[in-house]
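Asker: Could you work out the structure for the sequence below:
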Amino acid sequence: MLLIEDILPFLGLGEIGEKALIFSDSFLQNLSQSMSNSGCRGGDGGTAALETCRDESVAFVLKMVAIAAILTAGVGGVTIPLVGKNRRFLRTDSNIFFAAKAFAAGVILATGFVHMLPDATAALTDSCLPIYPWLKFPFSGFFAMMSALATLLVDFVGTQYYERKQEKQKAGQLARVDSVDSAAQAESGIVDVERNGKVFGEEEGGGIHIVGIHAHAAHHRHNHPHGQDACEGNVREHSHDSHVHSHSHGFGDGDEEGGARHVVVSQVLELGIVSHSIIIGLSLGVSQSPCTIRPLIAALSFHQFFEGFALGGCISQAQFRTLHTTLMACFFAFTTPMGIAIGTGISSFYNPDSPRALIIEGTLDSISAGILVYMALVDLIAADFLSKRMSCNVRLQVVSYFALFLGAGLMSLLAIWA
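Answerer: Purely as a prediction, here's the structure:
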């Protein structure tokens with residue numbers, strides 16, 4: 001460092017070097033102040049107002065009530081789609097589930113925009129933090145944007161990975177089927193006979209008449225739904241002289257690809273939900289104010305139920321094994337109660353008003369907001385509302401849009417209390 005300071009004047013950069021040193025010293029000093037764990041009351045008087053409602057014994061009882069209520073809501077929300085997937089009205093392909101999932105998507109979208117992002121902005125622009133760099137740059141929006149882009153990358157890479165994995169599994173299954181068919185043909189004495197370099201039955205255009213035990217039709221059809229017929233599931237028949245072509249098109253197209261998408265969506269959505277569930281659990285757990293805890297119980301129970309419903313629907317559509325499904329459901333259901341328990345345990349020495357706590361909470365809230373907003377808009381709302389099923393059912397469109405706006409509106413309204 002001393003060598004650099006001696007060389008800079010000869011290069012005519014002495015003034016720049018001095019400014020750089022001052023900048024680095026002030027930056028490190030501000031960074032150390034940001035990591036302080038000492039309390040900061042701020043200038044808004046909010047903490048002083050809460051002190052008038054401070055009652056540790058009542059707050060502890062309310063925290064136990066909150067753990068029970070939020071755990072029940074979370075278990076109920078995530079379990080309904082998983083247990084009811086074989087029921088007529090609760091199956092993942094039913095209209096009722098479709099509309100309920102739209103409501104849950106609205107809840108998650110409002111959670112990101114109305115709850116997480118404003119809380120992150122408030123934490124990262126708090127007067128307790130050094131003016132530079134925290135008040136000179138919109139870190140909350142930047143972190144949310146970067147987490148949304150990172151979620152896009154994870155979404156894309158994860159989908160590609162699971163699709164390739166499924167293709168390999170299908171290729172292995174086809175290879176086993178071909179080997180079984182070959183063995184069966186050898187036992188039955190059916191062999192391929194080549195004539196002039198072509199398999200017997202092959203035409204000039206490349207078509208093959210399948211003979212023997214597989215020849216079960218002489219008149220064949222193309223089945224292509226068109227226009228309104230595609231919505232109603234009707235079939236138009238096109239007769240051809242001798243070729244067998246059977247094509248079916250409907251809502252089930254791309255199920256394998258959709259299965260890979262549901263696997264990735266369920267895992268990324270759980271990551272976003274769990275990350276902010278930890279924060280809200282800790283925030284409730286460290287609070288000693290019954291005035292703060294009471295409205296949070298109802299708000300978080302409502303929030304946990306519908307987040308669990310959306311996550312449970314994605315897990316159900318991903319068709320995981322029973323053990324994997326149970327682990328994901330339990331991980332979601334127990335995260336917020338666990339955060340409350342941890343917050344209760346550390347409340348005696350944890351200072352939520354310290355600069356360190358504000359930065360950690362603000363950063364995690366920003367990241368969670370980006371993940372939830374991306375997942376709600378892209379993987380829940382766009383995936384369902386731009387589907388053929390939605391475009392073909394006007395009644396479902398009306399109900400789903402109403403449910404979407406209702407969920408977003410009710411969750412936004414809860415910001416008055418929590």
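Asker: pLDDT below threshold where in the stretch 301-418 of the chain?
Answerer: In the prediction, the stretch 301-418 of the chain carries residues with pLDDT under 70 at positions 418.
Asker: now the helices for it?
Answerer: Using DSSP state H, counting those that start in this stretch, the helices of the stretch 301-418 of the chain run over 322-346, 355-374, 383-385, 388-391, 394-413.
Asker: how about the longest one: buried residues?
Answerer: Burial within helix 322-346, assessed by neighbour count using 16 or more other CB atoms under 10 Å, is assigned to 325, 328-329, 332-344. Quick note: C-beta positions are derived from backbone N, CA and C, even for glycine.
Asker: cool, and stretch 310-323?
Answerer: Buried positions in stretch 310-323, judged by neighbour count with 16+ other CB under 10 Å: A310, L311, G312, G313, C314, I315, S316, Q317, A318, F320.
Asker: Quick one: those as JSON lines, columns for distance to L296 too.
Answerer: Shown next, in JSON lines, are the buried residues of stretch 310-323 (distance: CB to CB, whole Å):
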{"residue": "A310", "distance to L296": "21"}
{"residue": "L311", "distance to L296": "21"}
{"residue": "G312", "distance to L296": "23"}
{"residue": "G313", "distance to L296": "26"}
{"residue": "C314", "distance to L296": "26"}
{"residue": "I315", "distance to L296": "26"}
{"residue": "S316", "distance to L296": "29"}
{"residue": "Q317", "distance to L296": "31"}
{"residue": "A318", "distance to L296": "31"}
{"residue": "F320", "distance to L296": "32"}
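Asker: What is the most widely separated pair among those residues?
Answerer: Among those, the pair separated by the greatest distance (CB to CB) is A310 and F320, at 16.0 Å.
Asker: one step back: quick one: which of the helices of the stretch 301-418 of the chain is nearest L300?
Answerer: Proximity to L300 (CB to CB) singles out helix 322-346 among these, at 6.7 Å.
Asker: Give me the residues contacting that closest one.
Answerer: Identification of contacts with helix 322-346 by CB atoms under 8 Å, 6 or more residues apart in numbering yields 60, 63, 66-67, 70-71, 74-75, 78-79, 82, 266-267, 270, 273-274, 277-287, 300, 304, 307-308, 311-312, 315-316, 320, 350.
Asker: Now list the buried members of these.
Answerer: Neighbour-count burial within the contacts of helix 322-346 applies to 63, 66-67, 70-71, 74-75, 78, 82, 266-267, 270, 273-274, 277-287, 300, 304, 307-308, 311-312, 315-316, 320; the criterion is 16+ other CB under 10 Å.
Asker: Might you specify the subset of the residues you listed located within strands?
Answerer: With DSSP state E as the criterion, strands contain none of the buried ones among the contacts of helix 322-346.
Asker: Looking at the residues you listed, which are in helices?
Answerer: Judged by DSSP state H, helices contain the following of the buried ones among the contacts of helix 322-346: 63, 66-67, 70-71, 74-75, 78, 82, 266-267, 270, 273-274, 277-286, 300, 304, 307-308, 311-312, 315-316.
Asker: Give me the neighbour count for L174.
Answerer: By the criterion of other CB atoms under 10 Å, L174 has 10 neighbours.
Asker: Just to confirm, what confidence does the model report for it?
Answerer: Among the per-residue scores, L174 shows a pLDDT of 77.
Asker: how about low-confidence regions in the chain?
Answerer: The model of the chain has pLDDT under 70 over residues 1-52, 85-90, 92, 177-259, 418.
Asker: Next, work out how far apart the closest residue to Y350 other than its chain neighbours and S316 are.
Answerer: Counting by CB to CB, 6 or more residues apart in numbering, Y350 lies nearest to V286, which is 5.1 Å off, once chain neighbours are set aside. Separation of V286 from S316 (CB to CB, to the nearest Å): 35 Å.
Asker: contacting residues for the residue nearest to Y350?
Answerer: V286 neighbours (CB under 8 Å, 6+ apart): G343, T344, I346, S347, Y350, P352.
Asker: residues contacting the fourth one?
Answerer: If a contact means CB under 8 Å, 6+ apart, then S347 has G285, V286, S287, Q288 as its contacts.
Asker: mind running it again at 7 Å?
Answerer: By CB atoms under 7 Å, 6 or more residues apart in numbering, the contact list for S347 reads G285, V286, Q288.
Asker: how about it, phi and psi?
Answerer: Per-residue torsions, S347: phi -60, psi -20 (degrees, to the nearest 10).
Asker: Check the fifth one too.
Answerer: The main-chain torsion angles of Y350 are listed as degrees, to the nearest 10 and equal phi -80, psi 130.
Asker: Repeat that for the last one.
Answerer: Geometry field for P352 lists phi and psi as phi -70, psi -10, criterion degrees, to the nearest 10.
Asker: Give me the nearest residue to it, chain neighbours excluded.
Answerer: Distance criterion CB to CB, 6+ apart; nearest residue to P352, sequence neighbours excluded, is V286 at 5.4 Å.
Asker: Relative to K170, how far out is that neighbour?
Answerer: 51 Å.
Asker: wait, what's in contact with I293?
Answerer: Neighbouring residues of I293 by CB under 7 Å, 6+ apart: A59, L62, K63, A66, L284, S287.
Asker: before we move on, which element is it in?
Answerer: helix 290-318 (DSSP states H and E).
Asker: Run the angle between that helix and helix 394-413 for me.
Answerer: Here the directions of helix 290-318 and helix 394-413 differ by 150 degrees (axes from the mean of the first three to the mean of the last three CA atoms, to 10 degrees).
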